[in-house]
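> The following comprises the amino acid sequence and a computationally predicted model.
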Amino acid sequence: MAMSSTNIGFLVFYTIFNNFAALLASYLLSTVSRIQILEVSFIREIRIMVVSHIKLSSSSVEEISNQQIDILNAVDDAFGGVIVEMKDPMNSNVFDTLLRVSISCWREQGKKGIWLKLPIELANLVEAAVKQGFWYHHAEPTYLMLAYWIPETAHTLPANASHTVGIGAFIMNKKREILVVQENNGRFKGSGLWKLPTGTVDVGEDIVEAAIREVKEETGIKVEFMELLAVRQSHNVSFGKSDLFFVFMLRPLSFDIQKQDSEIAAATWMPFEEYAAQSYMQKNEHFNYIAKICAAKIDNDYTGFCALPATAVSSRRRKSCLYFNNHGGVVVPNTI
């Protein structure tokens, strides 16, 4: 496509100005030992100042890209957007200009969403991003993820994780006694309630592995997976998030209790009937239903879900696990 005289003139001006900037920066570097404006690159700032104030046609963007105009490093995502992962320290004013120019370039390229990952060390860049229209998506201990939508339409970026995940462990010995605990923290502290060992699932952890780990941490009892008995969903549980709670039946491999003093006030093997007869179990609907499911399992009137490990078909070969009821005679090998 032929370029207009305006764009040709601009490119001539840009080339001259770029060479001038390089000479000026070289002079400053040779004569001044401490100049904050050179914190990232003086030439980069001059280039950005020129480009960010001129509306470019697509052909101009292509020509300027050949001149290696600096924009933020990014990788394409699978949905027509880009992911920017900041790593190096940067002056917030320099970042503000770089981000503005980058958004313009990505808009010309037809990009949609922008994911901006800022490590906690670069918290000084958050304000500049928010002022340009980015919003908080989620945060982890070491970084903040912000998002931006380029098209002038309602965004289709996925929301942050909507659920936390917890586990409960139903463990019974040959005496028809189940492993129960009294908590040292939380809403049941000091209530005298005996309950199933529970806990939360860590990032990247299988729910079965979480159940086995939590039982070992809280009581010292080694266990192995038998069945998934039930799943409960609750809403507005923690900071507005919903919660998924998985109840497992686990087989004990040891029996001597060594409780975790920081989390557990008491732990014991208790007859199931005594556990189920507690007044709180009768009053709380979810607790009561779970106790009834466990009772049905004891009497062989209930079949839970077995686990089928698998590897998801994707470029990352994600490990996964399918839980299903095999009572109907479905023949699936390698179930846990």
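It's in.
> Quick check: buried residues in stretch 124-137?
By neighbour count on 16 or more other CB atoms under 10 Å, the buried set for stretch 124-137 is L125, V126, A128, A129, F134, H137. Glycine gets a C-beta too; all of them are placed from N, C-alpha and C.
> do stretch 248-260 as well
Neighbour counts over stretch 248-260 (16+ other CB under 10 Å) mark F248, M249, L250, P252, I257, K259, Q260 as buried.
> From start to finish, how long is that stretch in a straight line?
Start and end residues of stretch 248-260 are separated by 21 Å (CA to CA, to the nearest Å).
> got the contact list for that stretch?
With contact meaning CB atoms under 8 Å, 6 or more residues apart in numbering, stretch 248-260 is reached by 167-173, 179, 181, 207-208, 211-212, 215, 217-229, 266-269, 294, 297, 304.
> 7 Å - rerun?
Stretch 248-260 is contacted from outside by 167, 169-171, 173, 208, 211-212, 215, 217-229, 266-268, 297, 304, using CB atoms under 7 Å, 6 or more residues apart in numbering.
> these two touch, right, C321 and E205?
No - in this structure C321 lies outside contact range of E205 using CB atoms under 7 Å: 11.5 Å.
> re earlier: can you list which of the buried residues of stretch 248-260 are found in strands?
Counting by DSSP state E, these place F248, M249, L250, P252 in strands.
> Could you dump those into JSON lines and include pLDDT and distance to N91?
Shown next, in JSON lines, are those (pLDDT from 0 to 100; distance: CB to CB, whole Å):
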{"residue": "F248", "pLDDT": "98", "distance to N91": "52"}
{"residue": "M249", "pLDDT": "98", "distance to N91": "58"}
{"residue": "L250", "pLDDT": "98", "distance to N91": "55"}
{"residue": "P252", "pLDDT": "98", "distance to N91": "60"}
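> Export those as JSON lines, with columns for distance to L144.
As requested, those are exported to JSON lines (distance: CB to CB, whole Å):
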{"residue": "F248", "distance to L144": "35"}
{"residue": "M249", "distance to L144": "40"}
{"residue": "L250", "distance to L144": "38"}
{"residue": "P252", "distance to L144": "43"}
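> re the thing from before, would you turn the buried residues of stretch 248-260 into a markdown table with distance to Y148?
Conversion of those to a markdown table gives the following (distance: CB to CB, whole Å):
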| residue | distance to Y148 |
| --- | --- |
| F248 | 41 |
| M249 | 47 |
| L250 | 46 |
| P252 | 52 |
| I257 | 53 |
| K259 | 49 |
| Q260 | 44 |
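> contacting residues around the longest strand along the chain?
If you go by DSSP E, the chain has its longest strand at strand 223-238. Residues from elsewhere that reach strand 223-238, judged by CB under 7 Å, 6+ apart: 164, 170-171, 208, 212, 215, 242-253, 286, 290, 293-294, 297, 304-307, 323, 336.
> Any quick PyMOL command for the buried ones out of the residues you listed?
In PyMOL, this line selects whichever of the contacts of strand 223-238 come out buried by 16+ other CB under 10 Å:
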select buried, resi 164+170+171+208+212+215+243+244+245+246+247+248+249+250+252+290+293+294+297+304+305+306+307+323
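> The contacts of strand 223-238 in strands, which ones?
Counted as lying in strands by DSSP E, out of the contacts of strand 223-238, are 164, 170-171, 242-252, 306-307, 323.
> Got phi/psi on A123?
Main-chain dihedrals, A123, degrees, to the nearest 10: phi -60, psi -20.
> Chain neighbours aside, what residue packs nearest to it?
Leaving out its chain neighbours, the residue that sits closest to A123 by CB to CB, 6 or more residues apart in numbering is L144, at 7.5 Å.
> Verify the stated contact: the one you found with L116.
No - between L144 and L116 there is no contact under CB under 7 Å: 8.6 Å.
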